[in-house]
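Trainee: Fold the following.
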Amino acid sequence: MARKDYHIQYYQKNKEKIKAKQKAWAKANPQKIKDAWKKWESSRPTYQRDKLLKKYNLNEFDYLKMFKKQKGICKICLNAQTHKKLSVDHNHSTGKVRGLLCDGCNFGLGWFKDNPEILLQAIKYLNNHA
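Mentor: The predicted structure follows:
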């Protein structure tokens, strides 16, 4: 069995345990999360950071306030994303910021075109084919 396959199987079997451990770690290490975010943010070219924040009409204080309110975890899956900052999720029609998401959830919403009807169909599909 390939190493990648082993890790996938291990994660599948221990998903809840892993998520609980991630939540506990995030709760116990808020400063490490903040430091990791600062490190990532400082390594990013200023023009990109400014462009991103301007796009959503946010400043760094606004972002950090949202980050703190969400306790450093994704608003959907409730997992911490410690290797990089959470993404700013927004309504593509109105531009209104909805919250901060991990890459997986943010990409997922994008793939489902931010359409609740498609997401409901996906839920029905998963429930019928679990």
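
Trainee: can you pull the pLDDT of residue 52?
Mentor: Per-residue confidence for residue 52 comes out at a pLDDT of 66.

Trainee: My error: substitute residue 9 in the last question.
Mentor: At residue 9 the predicted local confidence, pLDDT, stands at 88.

Trainee: Reduced to three states, what does it come out as?
Mentor: helix (DSSP: H, G, I helix; E, B strand; the rest coil).

Trainee: Pull the number of nearby residues for it.
Mentor: Close neighbours of residue 9, defined as other C-beta atoms under 10 Å, add up to 11. Bear in mind the C-beta positions are built from the backbone N, C-alpha and C, glycine included.

Trainee: Look up how far residue 22 lies from it.
Mentor: To residue 22, residue 9 is 19 Å away according to C-beta to C-beta, to the nearest Å.

Trainee: now swap in residue 8 and tell me
Mentor: Distance of residue 8 to residue 22, given as C-beta to C-beta: 17 Å.

Trainee: With neighbour numbers in mind, choose between those two.
Mentor: Ranked by neighbour count (other C-beta under 10 Å), residue 8 and residue 22 place residue 22 first, with 17 against 12.

Trainee: ok, that one touching residue 81?
Mentor: No: Residue 22 sits out of contact with residue 81 when judged by C-beta atoms under 8 Å, with a separation of 9.5 Å.

Trainee: No more questions from me, cheers.
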